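Novice: Any chance you could fold what I've pasted below:
(one chain, ligands or ions: 1)
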Amino acid sequence: MSSTEDPATPDQPPTKKSKSDDIDEKTMYKNEARKKGVVDLNLPEGFKDLSTVHVPIGGLFDQPQTGKEWHKYKLTQEQVDSYWTNGYLPNIRVLSEDQCDKLLEDYKVFLDPDKLHPGHGLFFEFHRNQGGDPNNVLLHALGHWRITAAFHDVCFLPAIAVPSSQLIDPSREEVDVRLWHDQLFAKPAKHGGVVAWHQDYSYWTRTKPMKHLTIHIALDDQTVENGGLHFIPGSHRWTRNGMPLPITDDNFADMESIKGILTEEEKADFKPTPSLLKKGEASFHHPLMVHGSYSNRTDKPRRACVVNYFADGVISDTDDPLLSQKEPVIPKGCKMEGQFFPIVYKPQWESVST
Ligand SMILES: O=C(O)CCC(=O)C(=O)O
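Specialist: Down below sits the predicted model:
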């Protein structure tokens, strides 16, 4: 561990007594899918929770030292315009093959059915098979940045944090960016499951305003055959009274479920487009972008890691726990900050001249 633990991490969650003290389990877990993924395991003595460290730990990439080094990660105006027109921006190289392999070493431990990672108790959620069908397996987890150094550092990767600052605010101002959470999505060879069509912000209305963004990083080449990520271009304009589309399948298992809530016009515009990411490439997508993926029937696994960010200034819109039942609540109306929501990039870092 480096000596670079963030000295400026005063942003502790507010400590006033919250209503959550009185919430029963039924209210806390809004759906069965979340309840199934609850992780409750004691950690080995001395196991460090890496979410207390708000700078890269080192090892995965070289942290930029000058404004010029930060600048080289910026998107062109054409890329920014394309994001706002289509709702997503695919095929941006953010990791080398070697960096992906390093992450896959950690991934293999998480996928091991016979033993748990010693830090397993730090996951916010862990679903070994989200849909429950043994013929359509989808591993889905949140919180691994707390557990391994390489996944910790992905959340601070300049190649995703700098572009996010350009894309995350609908005003198109470049803004300070914070981590919301990370995710793993893995489909095993031959019997990998689907991820049903959804908009991410349908799951995130407990935070507002909507200044959020998702980065999906392929750790294996993605194809149509192995269940690569697909988008519905333009669907980031689909809302219901200013709100996202309702969630149609908590377990991500039914690709057809969204059809029941689309208008005729939306159905006509429903044109799934594969992103065909290569290993180490990422796509950036809008919080209202409808996306999903089909099953993996190939003889190789399809693994991805996802980082979700929001703009600094986003507030909590709930007195319920935000990520799991174990962390302190951020009361409704209070700023999202503290141990689990570090700053990952500030545009002012680009002004450093030496
Ligand atoms: O891995 C998948 O196919 C789905 C991932 C996803 O929902 C996302 O990247 O937001």
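Novice: Around the ligand, which positions in this protein sit nearby?
Specialist: Counting by Cβ under 6 Å from any ligand atom, the chain comes close to the ligand at Phe185, Val195, Asp200, Thr214, His216, Leu229, His291, Ser293, Ala304, Val306. In short, each C-beta sits where N, CA and C put it, glycine included.
Novice: Looking at those, which are in strands?
Specialist: Phe185, Val195, Thr214, His216, Leu229, His291, Ser293, Ala304, Val306 (DSSP state E).
Novice: Format those as TSV; extra columns: neighbour count, pLDDT and distance to Leu111.
Specialist: Listed next are these as TSV, based on neighbours: other Cβ atoms under 10 Å; pLDDT from 0 to 100; distance: Cβ to Cβ, whole Å:
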residue	neighbour count	pLDDT	distance to Leu111
Phe185	23	98	12
Val195	24	97	17
Thr214	23	98	22
His216	26	98	18
Leu229	25	98	19
His291	25	98	23
Ser293	29	98	18
Ala304	24	98	13
Val306	21	98	16
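Novice: Save those as TSV, and put in distance to Glu173 too.
Specialist: Output for these, formatted as TSV (distance: Cβ to Cβ, whole Å):
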residue	distance to Glu173
Phe185	31
Val195	32
Thr214	20
His216	24
Leu229	28
His291	25
Ser293	32
Ala304	29
Val306	25
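Novice: what ranges do the strands span in the stretch 101-250 of the chain?
Specialist: Ranges of strands in the stretch 101-250 of the chain, per DSSP state E, counting those that start in this stretch, are 125-127, 139-142, 177-187, 195-198, 207-208, 212-218, 229-231.
Novice: Which of those strands sits closest to Asn86?
Specialist: strand 229-231 (7.6 Å; Cβ to Cβ).
Novice: Which helix or strand lies directly C-terminal to that closest one?
Specialist: On the C-terminal side of strand 229-231, the closest following helix or strand by DSSP states H and E is helix 264-268.
Novice: still on that earlier bit, closest to Phe110 out of the ones in strands among the residues of the chain next to the ligand?
Specialist: Distances from Phe110 to those, taken by Cβ to Cβ, are shortest for Phe185, at 11.7 Å.
Novice: What's opposite that closest one in the beta bridge?
Specialist: His140, Ala304 (DSSP bridges).
Novice: Which residues are in contact with it?
Specialist: Phe185 is in contact with Leu138, Leu139, His140, Val195, Arg303, Ala304, Cys305, Val306, counting by Cβ atoms under 8 Å, 6 or more residues apart in numbering.
Novice: Adding distance to Glu97, write these out as JSON lines.
Specialist: Converted to JSON lines, the contacts of Phe185 look like this (distance: Cβ to Cβ, whole Å):
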{"residue": "Leu138", "distance to Glu97": "24"}
{"residue": "Leu139", "distance to Glu97": "22"}
{"residue": "His140", "distance to Glu97": "24"}
{"residue": "Val195", "distance to Glu97": "24"}
{"residue": "Arg303", "distance to Glu97": "14"}
{"residue": "Ala304", "distance to Glu97": "15"}
{"residue": "Cys305", "distance to Glu97": "15"}
{"residue": "Val306", "distance to Glu97": "19"}
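Novice: and which of those is nearest to Leu60?
Specialist: Cys305 (11.7 Å).
Novice: Can you report how many residues neighbour the nearest residue to the closest one once chain neighbours are set aside?
Specialist: Spatial nearest neighbour of Cys305, excluding adjacent residues (Cβ to Cβ, 6 or more residues apart in numbering): Ile217 at 5.1 Å. For Ile217, the number of neighbouring residues by other Cβ atoms under 10 Å comes to 25.
Novice: and if you look at Lys271?
Specialist: Residues near Lys271, counting by other Cβ under 10 Å: 11.
Novice: In the stretch 251-354 of the chain, what residue lies closest to the ligand?
Specialist: Here the residue of the stretch 251-354 of the chain nearest the ligand is Ser293; by Cβ to the nearest ligand atom that distance is 3.2 Å.
Novice: residue contacts, that residue?
Specialist: Contacts here follow Cβ under 8 Å, 6+ apart; on that basis Ser293 touches Lys187, Val194, Val195, Gly227, Gly228, Leu229, His230.
Novice: ok, the residues you listed vs the ligand, which is closest?
Specialist: The shortest gap between the ligand and any of those belongs to Val195, at 3.9 Å (Cβ to the nearest ligand atom).
Novice: Show me what the closest one is bridged to.
Specialist: When assigned by DSSP bridges, Val195 has beta-bridge partners Ser293.
Novice: In this structure it contacts Leu138, no?
Specialist: Yes - using Cβ atoms under 8 Å, Val195 makes contact with Leu138 at a distance of 6.6 Å.
Novice: which neighbours do those two share?
Specialist: Common neighbours of Val195 and Leu138, counting by Cβ under 8 Å, 6+ apart, are Phe185, Phe252.
Novice: I'd say Glu125 and His140 touch.
Specialist: Yes - using Cβ under 8 Å, Glu125 is in contact with His140, at 7.5 Å.
Novice: quick one: which of the contacts of Ser293 is nearest to Pro170?
Specialist: Of all the contacts of Ser293, Pro170 sits closest to Leu229, with 22.9 Å by Cβ to Cβ.
Novice: is it true that that closest one touches Thr273?
Specialist: No - distance between Leu229 and Thr273: 9.9 Å, which falls outside the contact criterion (Cβ under 8 Å).
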